[in-house]
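[1] got a sequence here, can you model it:
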Amino acid sequence: MKNRLSCLILGRTRWLGVWFLSVCLLHAAVTPDVDIRRDATVVAIERVMPSVVNIRTSRLVRRNTPDEEMLRRYFGWKVNSSGPAEEQINSIGSGVIVDATDEEGYILTNFHVLRQAQRVQVQLWDGREYEAEPLRGQYHKDLALLKIIRKPGDTRFRPVRIAEDDDLLLGETVIAMGNPFGLGSAVTRGILSSKNRRSTPGNSPLDYQDWLQTDADINPGNSGGPLINIRGELVGINVAVYSEEQGKGTGFAIPVKQVSNTLSDFFALEIFADLYFGARFLGAPHPLTVLELQPNGPAFRAGLRVGQEVVEVNGKPVKGLATFSRLVADSANRRAAITVKEAGALRVLNVELMPLADLNRELFVQRLGLKTAPLTKQQVTAEESAGLMVSEVENNSPAAKATLQAGMIITEADGFPLSDLVNISNVLGNKKRGEIVNLTVKKAYRNANGFVRWLSRHVEVPVR
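    From the prediction side, this is the model:
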């Protein structure tokens, strides 16, 4: 009797559960405020779509016949072609808004999307079009940054939310967004097939390390667009498909950790505003946190330390890397009051910046004991197009003991070309006293016929 009663109660409980579920589904179906089609995927796409842009680039190239090209290349002739001198080459790609101020928006895309582009135009999801200015690119990471200016009356640009570094789940749902084949905004869905796909020996089409792999379709034109998770967060930048003929279900994206590190580089004040600051921040997400400091740089001397959270600049709230860099760059007399939070307490630190050009004196004079000057037009040749000329060497300095002399040209420091002063900051600014910097220098030698030859050698110089 007891078992029969238990079965009866269990049967009634199950029947009530089924009845209750049926009523809920019927209620959802007839209630106009509830749409069962609006699942997590739809919500994520709606959240990110305003941040996705279509990119169109164009460039003019000269049309040469094989004969004209031979005469120009080998004989130096100036040939006037009777046909069209130039033709326009167009290409397409995608991008995503990663940061914004009140007036500007910053778009991340692939470096190869912008290669050799002379004009860049972007279109937002709502049809608005803008001219875009390339700001910075990293060839080896295949990432580039663009800037667009908001038109009067426009709404503020909406940046995508960026996921935490390494917040990736193998097999989780991911969505690829972009402009495939130039058709316009489109989305595809799949799963995260691999979190760290690496190139294999031999004739592999993969040239980069630790890409994400997904079976969400990534087609030509998707390059530079976002790969997002089901929460609508950026987890990667679409970059390639394994093979355009056989690559269905095998697409690749640059992971969020590399994206975050690259944004930290792109928005560094040395690059963003030609100001020597000496600190790097976590690229995303909030809060804005100090990641690295250069010993004895302006930020270090002001009291900034790794792990501090930046709250305000000159009394204005910081919303992201772009806002921080803009507020600091616009500081009067190159002095910025930066409010940081550490252990729950707020502190105001006064940072005095210097023009990046003054880094010449700050680092080369103080750390190596030499003065440098930019190359003159006569010195800038195909071989000596990047570098700094040694103008003076201090007696008994590390530079003098390493036999550096006035007139030499420094082309590299620790393997980094000195094409701009940012590399000097990165190399010399992080050296401790007594550490060695490896310089590549060129010296001119005149032979018996009067021709000048530039010979290179490597010099090890201890910093002081």
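[2] which residues touch residue 238?
    94, 176, 178, 218, 222-227, 251-253 (CB atoms under 8 Å, 6 or more residues apart in numbering). Quick note: C-beta positions are derived from backbone N, CA and C, even for glycine.
[3] from those, which land in helices?
    Among the contacts of residue 238, the subset assigned to helices under DSSP state H is empty.
[4] avg pLDDT for the host helix or strand of residue 299?
    Using DSSP states H and E, residue 299 sits within helix 298-302. Computed over helix 298-302, the mean pLDDT rounds to 92.
[5] tabulate the contacts of residue 238 in TSV, adding columns for neighbour count.
    Formatted as TSV, the contacts of residue 238 follow (neighbours: other CB atoms under 10 Å):
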residue	neighbour count
94	28
176	26
178	30
218	28
222	29
223	27
224	32
225	33
226	29
227	29
251	27
252	25
253	28
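[6] which one of those sits closest to residue 275?
    Residue 275 has its nearest neighbour among the contacts of residue 238 in residue 224, at 28.7 Å by CB to CB.
[7] who touches the closest residue to residue 56 other than its chain neighbours in this structure?
    Among residues not flanking residue 56 along the chain, residue 121 sits closest, at 4.8 Å (CB to CB, 6 or more residues apart in numbering). Residues in contact with residue 121 (CB under 8 Å, 6+ apart) are 55-57, 129-132.
[8] can you pick the most crowded of those?
    Neighbour tally across the contacts of residue 121 (other CB atoms under 10 Å): the maximum, 27 neighbours, falls on residue 55.
[9] report the separation between it and residue 144.
    10 Å (CB to CB, to the nearest Å).
[10] quickly list what's touching both of the two.
    109, 113-114.
[11] may I see those organised as TSV, with neighbour count, pLDDT and distance to residue 397 added?
    Shown next, in TSV, are the shared contacts of residue 55 and residue 144 (neighbours: other CB atoms under 10 Å; pLDDT from 0 to 100; distance: CB to CB, whole Å):
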residue	neighbour count	pLDDT	distance to residue 397
109	31	94	45
113	24	90	46
114	21	87	43
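[12] turn those residues into a markdown table, including distance to residue 364 and secondary structure.
    Below are the shared contacts of residue 55 and residue 144 laid out as a markdown table (distance: CB to CB, whole Å; DSSP: H, G, I helix; E, B strand; the rest coil):
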| residue | distance to residue 364 | secondary structure |
| --- | --- | --- |
| 109 | 36 | strand |
| 113 | 37 | helix |
| 114 | 33 | helix |
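[13] any idea which of those residues is closest to residue 192?
    Checking the shared contacts of residue 55 and residue 144 against residue 192 with CB to CB, the nearest one is residue 109 at 21.5 Å.
[14] quick check, the closest one in contact with residue 224.
    Yes: at 3.3 Å, residue 109 and residue 224 qualify as touching, with contact defined as CB atoms under 8 Å.
[15] and for those two, which residues touch both?
    Joint contacts of residue 109 and residue 224 (CB under 8 Å, 6+ apart) are 55, 93-96, 237.
[16] so which pair among those is furthest apart in space?
    Using CB to CB, the shared contacts of residue 109 and residue 224 reach their maximum pairwise distance at 55 and 237, which is 12.6 Å.
[17] surely residue 346 is in contact with residue 338?
    No: in this structure residue 346 lies outside contact range of residue 338 using CB under 8 Å: 11.0 Å.
[18] the more surrounded of the two?
    residue 338 (25 against 11).
[19] hang on, the more buried one packs against residue 348?
    Yes: using CB under 8 Å, residue 338 is in contact with residue 348, at 7.2 Å.
[20] between residue 55 and residue 237, what contacts are shared?
    109, 224.
[21] tell me where the stretch 251-400 of the chain has helices.
    256-266, 269-272, 298-302, 321-329, 359, 398-401 (DSSP state H, counting those that start in this stretch).
[22] give the other helices and strands that the longest strand anywhere in the chain contacts.
    Longest strand in the chain by number of residues (criterion: DSSP state E): strand 86-100. Packing partners of strand 86-100 (3 or more CB pairs under 8 Å, 6 or more residues apart in numbering; DSSP states H and E): strand 52-62, strand 104-109, helix 111-114, strand 173-178, strand 233-241, helix 256-266, helix 321-329.
[23] so what touches the shortest one?
    To tie it back to what came earlier, the one meant is helix 111-114. With CB under 8 Å, 6+ apart as the test, helix 111-114 has contacts from 55, 57, 91, 93-95, 120, 134, 137-139, 141-144, 146, 223-224.
[24] same question for the last one.
    Contacting residues not belonging to helix 321-329 are listed as 99-101, 104, 106, 263-264, 267-269, 272-273, 275, 277, 281, 283-284, 288, 310, 313-314, 316, 318, 336, 338, 351, 353 [CB under 8 Å, 6+ apart].
[25] now the buried members of those residues.
    99-101, 104, 106, 263-264, 267-269, 272-273, 275, 277, 281, 283-284, 288, 310, 313, 318, 336, 338, 351, 353 (16 or more other CB atoms under 10 Å).
[26] where does the prediction get shaky in the stretch 51-200 of the chain?
    Applying pLDDT under 70 to the stretch 51-200 of the chain picks out residues 60-89, 198-200.
[27] wait, I meant the stretch 351-464 of the chain
    Counting by pLDDT under 70, the stretch 351-464 of the chain shows low-confidence ranges at 360-361, 376-386, 419-423, 450.
[28] what are the ranges of the strands in it?
    Counting by DSSP state E, counting those that start in this stretch, the segments of the stretch 351-464 of the chain that form strands are 354-355, 370-374, 388-393, 409-413, 416-417, 436-446, 452-462.
[29] going by neighbour count, which residues of stretch 151-158 are buried?
    157-158.
[30] from now on call the first residue 19
    Noted, 19 is the first residue going forward, which turns the last one into stretch 169-176.
[31] contact partners of it?
    In contact with stretch 169-176 (CB under 8 Å, 6+ apart) are residues 68-69, 115, 118, 120, 122-123, 146, 148, 166, 168.
[32] ok, residue 384 - how many residues close by?
    12.
[33] ok, the residue lying closest to it once chain neighbours are set aside - contacts?
    In space, residue 384 comes closest to residue 482 once its chain neighbours are excluded; the distance is 7.7 Å by CB to CB, 6+ apart. For residue 482, the contact set (CB under 8 Å, 6+ apart) comprises 384-387, 415-416, 451-452.
[34] just those residues now: which is nearest residue 54?
    Nearest to residue 54, judged by CB to CB, of the contacts of residue 482 is residue 385 at 66.2 Å.
[35] hang on, that closest one packs against residue 448?
    No: Residue 385 lies out of contact with residue 448 (CB under 8 Å); the separation is 11.0 Å.
[36] neighbour count winner among those two?
    A direct count of neighbours by other CB under 10 Å for residue 385 and residue 448 places residue 385 higher, at 23 against 15.
[37] and the closest residue to that one other than its chain neighbours, how far is that from residue 368?
    Residue nearest to residue 385 in three dimensions, not counting chain neighbours: residue 481, with 4.5 Å by CB to CB, 6+ apart. Plainly put, residue 481 is 27 Å away from residue 368 if you go by CB to CB.
[38] does the residue nearest to residue 74 lie in a helix or a strand, and which?
    Per DSSP H and E: strand 137-142 holds residue 139.
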